[in-house]
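In: Whatever this is, show me its structure:
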Amino acid sequence: MLASVVQVTHYVAEVTVKRDGEWATIASSALAPGDLVRVAENWKLPCDLVIVKGSTVCDESMLTGESMPVQKFPLPNDSSDVYDAEGNGKKYTLFSGTRTLASGRDEEILAIVQATGAHTSRGQLVQAILYPAPIRFKYDEHLKAVFSVLFVIGLIAAYFAMKFLIANAGLSNTLFAFVYGMFMFSAVLNPLLPVVMTVGQVNAAKRLQKQDVFCLNPQRITLCGKVRVFCFDKTGTITKEGLDFRGCVPIGQSGEFLPEFNDMTDASLSQIMKFSLASCHAVGSLNGELVGNEVEVKMFKSTHWKLVELEGQLPTVQSADGSEELEFVKRFEFDHHRMSMSVVMKQKGTGKLIVFCKGSYEKMVSVSSKDSIPANYFETAENLAKNGCYVLGIASKEMPAMGEAELAAFLADRDAVEESLALLGLIMFRNEIKEDSRDAILTLKQGDIRPVMITGDNAMTGCYIARASGMVEEDSQMVLGDMVADVKTGSMLVWKDVETQQVFSFDDIRDMVESVDTKVELAVTGKAFDFLVKMGDIQKILLKVRIFSRMTPQGKVDCVKLHMATGSVTGMCGDGGNDCGALRIAHVGVALSDAEASVVSPFTSKSRTLKSVVDLVLEGRGALATSFASVKYLILYGLIGIGCRTVMYYNGVFISQFGFMYLDGAILVGLSYGLTRARPLAKMGSQRPTSSLVGPMTVCSLVGAAVIHWLFLYGAIHDLTTQPWYCPFQPSNVNLVQWWLLQDSNLGSTLWFIICFQQMSTGLTMGLGSRFRRPIWHNMFLLFWYALLFVVLVVTFVGPPSRFGDQFRVASSTNVVGLPDIPLPVDFRWELFGWGIADTAAVLIYEYFFVLGYVRDYFRAKYHRDALPMKL
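Out: Below you'll find the model as predicted:
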């Protein structure tokens, strides 16, 4: 990833810029906002630019992952709208890091520098990679409290360590006592704590990368493990990216709908409808290929007309036989707030001006004359939408002849252009769901995650896709909240059953969704959503609404924010188009994109399927469980170390330097790394891992394991000291100039052996898995390392005396200098081996059955209450 960052940041190109009234070629690093530059073809853009003259086609896949070339237009000089690069200004903006494509037209394209360096979109991407937005997670907050507690415990343990050393080991030098006290402190507050958490997240990121899911901020992976609500865009996310043009339902001269037309070359289809389909779009040409919005490209292709773009002339469209030709006079791009786009065309030969406008079928009613709207208009449109069609309305009007000044004034007023239109009919596109969408959504529901649809499309289409994808059960009642005209208030919120059209009050809706006996799913339109937000009622039903339809880009952001405000960890998945704001604001944003790093979200899926969301959640749960296991292991390592060092310092004995190296190097580092190698469970469970370091399960796991280890430690020491042959070690007999002789004792060897067993069994216990991670036998590195440590430990301690054992000062022979006359008998060493095995078995049983198993499930079922009950 860092190599990609370097490649992105280090780019300088030559630019033709106008300075002091003269065109000059300079390095792009010398550009400043406000400079006027010439835009070349096939040019990697060094900064953000706003086109003021000409148009071009741009490849934005590097930045947003959009695979289709995007057409860019000049900034209109007759608009009162404020330029917004993040909003409607995108269609006028060339973003840094993207590339213009060769169009074959010799057209001058001029643009103004809008941003350079770190202020560009590419700069934002680099900043997002290098300096990810900080996130506050529960265990991050708890970690501070845990560190504080461990700090206090460490200070207390260090104090008693120094006291015992001075009193019992004869250390009169306070500095030496302080040093050993700090050893005790460092054992409790282990510096590896932040490391093991990071390593587990990085390993998860590497596994995700193999599945074509790329991550800008590995810290957010653990956040995925706590996702409660996952929001999905519809088109290109749940459904396939491509829309298939199905046909049109024109309105006849009688004002009623005619039968559906699937062949746009049908002679019985009216000429004006053919004109509208051939011209009402923003399709462009690139090396003979049509580019632009895929919906419009397919609509235009269905007419079999040709797009003609000649240098120095306005673009035209020609019929297949060349008998008809329409010239583009003015194009108003699609506006999310208007939910429409329009064109003004001139018919060659007659010179007649015709306005065509298309958009959501609801919008077309507001811009069309009432006498052109069939009585069953909404019924027809909604029935098509219920059957999974993406439905648009289309309208037109003929304009009288105008002079140049009058025409210019008319074209400057978009509202005047898009009013008093005659409705021509409906056009339909078929949008099928992706093959894995249903399985992915059902898997999320199985994992106690509520899937929600936030779409700019019609509510009826959303309902159809929700049922087809498994988001809504087949036998569930769907109730839609929408704003309708009202004589007194102007508009009012009405709740209707989408099938029976039965009307409900808001109180009825609340009672229905709170009842456990009714299967009811709610859908709202964007206007209804805004009304509920304004009235303060949205929070009452937010977690009951399944489909948010006709949502603007800002509406999607607001919807995600409201879900986050409930305390739910919220995810958002989309294609990175008009949902980029929602992707960026969500706790977990997943962009289905061809780019490895997207500026719009922390996660990017190159496979462009919802399976990536499932993989991300599974990895998140596994990574969170792994992080907790690693933290618990290090905390227990310190608590076990307190018990060991307390006995050591109290009795004035020590473990050998090699013994400590084996503990802190081979055991601690090796097993800590092994824990981070755990893979997530392949199947989604219904529970999420805890994110609380001070929760009952975490505390019980730590306290219970520590008590077990302490009991077995002191049991083994008692067994040693009550042996008839045991000769207590006398530190007062040792000259402290030869301090290493304090390592040569039966008690020191016993402590080392038992502590090694306990530290190893703790690592094994923390790696058990099975609920969020795969069972321990899938973690081959952890098992191999444990087996290696076990063999080395047993052979060294129980085996015959050897030079290797002597390095650990094992009291198995008189070869160890300073050892009392009676070494540890072989049968007692095997007895200590039994203590170690019993300790391992006890802590494994406690963790498996009490912390992870049946006892935990019993108490969770009895006492755990979901703070946010919601329907999956």
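
In: so how far is Gly447 from the closest residue to Trp43 other than its chain neighbours?
Out: Beyond its immediate neighbours in the sequence, the residue positioned closest to Trp43 (C-beta to C-beta, 6 or more residues apart in numbering) is Thr100, lying 4.9 Å away. C-beta: built from backbone N, CA, C; applies to glycine. Noted for Thr100: a distance of 44 Å to Gly447, by C-beta to C-beta, to the nearest Å.

In: One more: Leu751?
Out: Leu751 is 46 Å from Gly447, by C-beta to C-beta.

In: With neighbour numbers in mind, choose between those two.
Out: Leu751 (25 against 20; other C-beta atoms under 10 Å).

In: who touches the closest residue to that one other than its chain neighbours in this structure?
Out: Of all residues not flanking Leu751 in the chain, Cys644 sits nearest, at 5.6 Å (C-beta to C-beta, 6+ apart). The neighbourhood of Cys644, defined by C-beta atoms under 8 Å, 6 or more residues apart in numbering, consists of Ile655, Leu713, Leu751, Ile755.

In: Now do the phi/psi pair for Trp305.
Out: Dihedral pair for Trp305: phi -80, psi 170, per degrees, to the nearest 10.

In: what's the burial count for it?
Out: 23.

In: do the same with His718
Out: Count around His718 with other C-beta under 10 Å applied: 9.

In: where's it, which helix or strand?
Out: Assessed by DSSP states H and E, His718 sits inside helix 696-721.

In: pLDDT of that helix, averaged?
Out: Here helix 696-721 scores 91 as its mean pLDDT.

In: other SSEs contacting that helix?
Out: helix 611-651, helix 746-766, helix 826-845 (3 or more C-beta pairs under 8 Å, 6 or more residues apart in numbering; DSSP states H and E).

In: tell me the mean pLDDT over the second one?
Out: For helix 746-766, the per-residue pLDDT values average out at 90.

In: before we move on, back to that, quick one, the helix holding His718 and helix 611-651 angle?
Out: In terms of direction (axes from the mean of the first three to the mean of the last three C-alpha atoms, to 10 degrees), helix 696-721 departs from helix 611-651 by 30 degrees.

In: what distance separates the helix or strand encompassing Ala158 from the middle of the whole chain?
Out: According to DSSP H and E, Ala158 maps onto helix 138-168. When distances are taken as C-alpha atoms, centre = their mean, to the nearest Å, helix 138-168 is centred 37 Å away from the chain's centroid.

In: next one: stretch 365-380
Out: The answer for stretch 365-380 is 42 Å, by C-alpha atoms, centre = their mean.

In: Then stretch 614-632?
Out: The answer for stretch 614-632 is 15 Å, by C-alpha atoms, centre = their mean.

In: any low-confidence regions in the stretch 151-300 of the chain?
Out: Where the stretch 151-300 of the chain drops to pLDDT under 70, the residues are 165-176.

In: can you map out the strands along it?
Out: For the stretch 151-300 of the chain, applying DSSP state E, counting those that start in this stretch gives strands covering 213-215, 227-232, 244-250, 284-286, 289-291.

In: what does the last one rub up against?
Out: Contacts with strand 289-291, where a contact means C-beta under 8 Å, 6+ apart, come from Val57, Met68, Pro69, Gln71, Val283, Gly284, Ser285, Val297, Phe300, Lys301, Leu307.

In: Direction included, what does that strand pair up with?
Out: Sheet pairing here is set by DSSP bridges, and for strand 289-291 it gives strand 284-286 (antiparallel).

In: my read is Leu49 is in a strand, agree?
Out: Yes. Looking at Leu49 with DSSP: H, G, I helix; E, B strand; the rest coil, it is inside a strand.
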